[in-house]
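A.B. asks: Task: produce atomic coordinates for the following.
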Amino acid sequence: MADVDEDVIPRDGPEAGDIDLSDETQDFRFLASVSKEDSKIPKRGEKDFEPHSTALQSNTLAASRQAMHDALSFQRVHPPKRHEVAVYDQESNMAYLDGPRSTLFKSMGKTASSKSHPNRLWLLPEEILYLVERGTVDCRWPATDAEADPHEGLPMSLQGAYAAFIGLADAHDDGLTFERYSVYAGLKRMGYAVHRAPSWNSARPPPTTACVPPLPSMWQSLGLAAHRWRESLFSSRRAGDARNGPLVGNGTYRSYADIYRSLALVPWYDPAAQTAADVPADQGLRVTYHVWKPSNATYKKSDPGEPDFRIAVLDARQTKIPTMAELSGLLAGCPYSPPQEGAQLYAKLRNGYKNVILAIVDEGVTSYLRIADGGFGKQKLYGRSGPIAKGKRGGGGNRPQGKK
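C.D. replies: Numbers count the residues shown, from 1 in each chain. Coordinates of the predicted model:
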């Protein structure tokens, strides 16, 4: 009877699975004890109480909000040794600074030396906006007085930086949008070196010889011709067999490879056989950024070399799903890079012979999608070599054997 009585007890509270802790009000009163010298916002934790609409709880919430307000309103200053002052240039919608000292400038900016300014570094809009946002650089509006020091201008707020470098981008033919800056800032926070691609605000450059497979030598051409002749011969046989009977007919087969080869009916695309005449025209999509890994030891700002990734930024609210022609035009400008012989099968199919990463930004949320020019028909699953796991009684090579 006790179980029956407990079943009829009303339970108006939400179930545990329906509670989202991220929506709950947090208790931030412990911030009041944090010293100003060590004023770091702690990580978010779980709340210590449930709502019960009492005066004590209202006072606790008010004290928690005030402590969080005091922590966020603390004035953060630039240390004297790391104080970098940049000046906004209205004509180019860029910013410059003299004598940079931070290690961040090893992969940012472009030096334009002159007699009066031998070590002046010019920063692109996304670069200076990122530095202002993270508090590394104090950007100033140029002084109105021609005789005054340009560095003595008014400090530029973060809101003013967004309005200048993104809001005035169209007036300077800059092409910087919020979506592009969001991807740039996210990659920089993860430690990558990010540069603008040559196709930043224009159509992709015409494909070069590096974008197509190299021409084979005489012996390679003969071997390729023989291979294609044999494939065409087997394909005609398979077509006849498919109409008249089973794909694998009676006969003597020396290996499973011959059987699997006879089952290949669908024609496949060979990226290694592409020529300059097969390169499609530009379809509108273009590579936005060239990205290098933080572990890339060969990277130099003066000579970065080939990037590790090529990223095309798309706005999910303005761009439709790319068509096959658009994706082909996007991959056409990438250099031909066949997979290594010793690479794993999944890595060969994932990277392909060309690949571009689509950074799809949907209201500030970025999703990355790799598009590769892969050759699935060139990777023969039945031709893999290596040790075969031997099992007992139908598999299970690692199965422990008991006593007889």
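A.B. asks: Quick one: residues contacting residue 317.
C.D. replies: Residue 317 makes contacts with 362, 363, as judged by Cβ atoms under 8 Å, 6 or more residues apart in numbering. Yep, even glycine has a C-beta here, placed from its N, CA and C like the rest.
A.B. asks: okay, it: pLDDT?
C.D. replies: Looking at residue 317, its pLDDT is 90.
A.B. asks: just the one 3 residues further on next, same as before
C.D. replies: Looking at residue 320, its pLDDT reads 88.
A.B. asks: Let's verify it: helix, strand, or coil?
C.D. replies: Three-state call for residue 320 (DSSP: H, G, I helix; E, B strand; the rest coil): coil.
A.B. asks: just residue 86 next, same as before
C.D. replies: Following three-state DSSP, residue 86 is assigned to strand.
A.B. asks: now residue 361
C.D. replies: strand.
A.B. asks: Can you get me a residue count around it?
C.D. replies: For residue 361, the neighbour count with other Cβ atoms under 10 Å is 23.
A.B. asks: wait, it sits on residue 318?
C.D. replies: No - applying Cβ atoms under 8 Å, one finds residue 361 not in contact with residue 318, separated by 9.9 Å.
A.B. asks: Quick one: low-confidence residue ranges for the chain.
C.D. replies: Residues of the chain meeting the criterion pLDDT under 70: 1-50, 78, 146-148, 204-210, 215-251, 275-283, 383-404.
A.B. asks: again, only using 50
C.D. replies: Across the chain, the ranges flagged by pLDDT under 50 are 1-24, 219, 234, 236-240, 395-404.
A.B. asks: domains of it?
C.D. replies: Following the assignment in automatic domain parsing, the chain carries domains at 23-76, 80-173, 215-262, 274-383.
A.B. asks: Just send those domains back as JSON lines, with distance to residue 186 too.
C.D. replies: Converted to JSON lines, those look like this (distance: least, Cβ to Cβ, whole Å):
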{"stretch": "domain 23-76", "distance to residue 186": "20"}
{"stretch": "domain 80-173", "distance to residue 186": "10"}
{"stretch": "domain 215-262", "distance to residue 186": "41"}
{"stretch": "domain 274-383", "distance to residue 186": "6"}
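A.B. asks: Select, out of those domains, the one closest to residue 181.
C.D. replies: Closest approach to residue 181 among the domains of the chain is made by domain 80-173 (5.1 Å; Cβ to Cβ).
A.B. asks: of all the domains of the chain, which lies closest to residue 202?
C.D. replies: Of all these, domain 274-383 comes closest under Cβ to Cβ, at 7.8 Å.
A.B. asks: Tell me if I'm right that residue 141 and residue 151 touch.
C.D. replies: No - using Cβ under 8 Å, residue 141 is not in contact with residue 151; the gap is 10.8 Å.
A.B. asks: Based on its surroundings, how many neighbours for the closest residue to residue 178 other than its chain neighbours?
C.D. replies: Distance criterion Cβ to Cβ, 6 or more residues apart in numbering; nearest residue to residue 178, sequence neighbours excluded, is residue 166 at 6.0 Å. By other Cβ under 10 Å, 19 other residues sit near residue 166.
A.B. asks: Name all residues that make contact with residue 166.
C.D. replies: The neighbourhood of residue 166, defined by Cβ under 8 Å, 6+ apart, consists of 125, 129, 176, 177, 178, 181.
A.B. asks: secondary structure element for the nearest residue to the last one once chain neighbours are set aside?
C.D. replies: Which is residue 181. In this structure, residue 181 finds its nearest non-sequential neighbour in residue 126, 5.1 Å apart by Cβ to Cβ, 6+ apart. According to DSSP states H and E, residue 126 maps onto helix 125-134.
A.B. asks: where do the strands sit along the chain?
C.D. replies: Using DSSP state E, the strands of the chain run over residues 84-89, 94-98, 110-111, 120-123, 137-140, 193-196, 289-292, 309-315, 355-362, 365-372.
A.B. asks: CA-only coordinates of stretch 133-150 in CSV, if you can.
C.D. replies: The C-alpha coordinates for stretch 133-150 follow below in CSV (Å, rounded to 0.1, in the frame of the first residue of the first chain):
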residue,chain,number,x,y,z
GLU,A,133,39.5,43.2,-29.2
ARG,A,134,42.0,41.1,-27.3
GLY,A,135,43.5,44.3,-25.7
THR,A,136,47.0,44.0,-27.2
VAL,A,137,47.0,47.2,-29.2
ASP,A,138,45.6,50.7,-28.2
CYS,A,139,44.3,52.1,-31.5
ARG,A,140,43.9,55.8,-31.8
TRP,A,141,42.0,58.1,-34.1
PRO,A,142,44.4,60.4,-36.0
ALA,A,143,45.0,63.8,-34.3
THR,A,144,43.2,66.7,-36.0
ASP,A,145,46.1,69.0,-35.5
ALA,A,146,48.6,68.5,-38.3
GLU,A,147,51.5,69.5,-36.0
ALA,A,148,50.5,67.2,-33.2
ASP,A,149,51.8,63.7,-32.7
PRO,A,150,49.5,61.2,-34.5
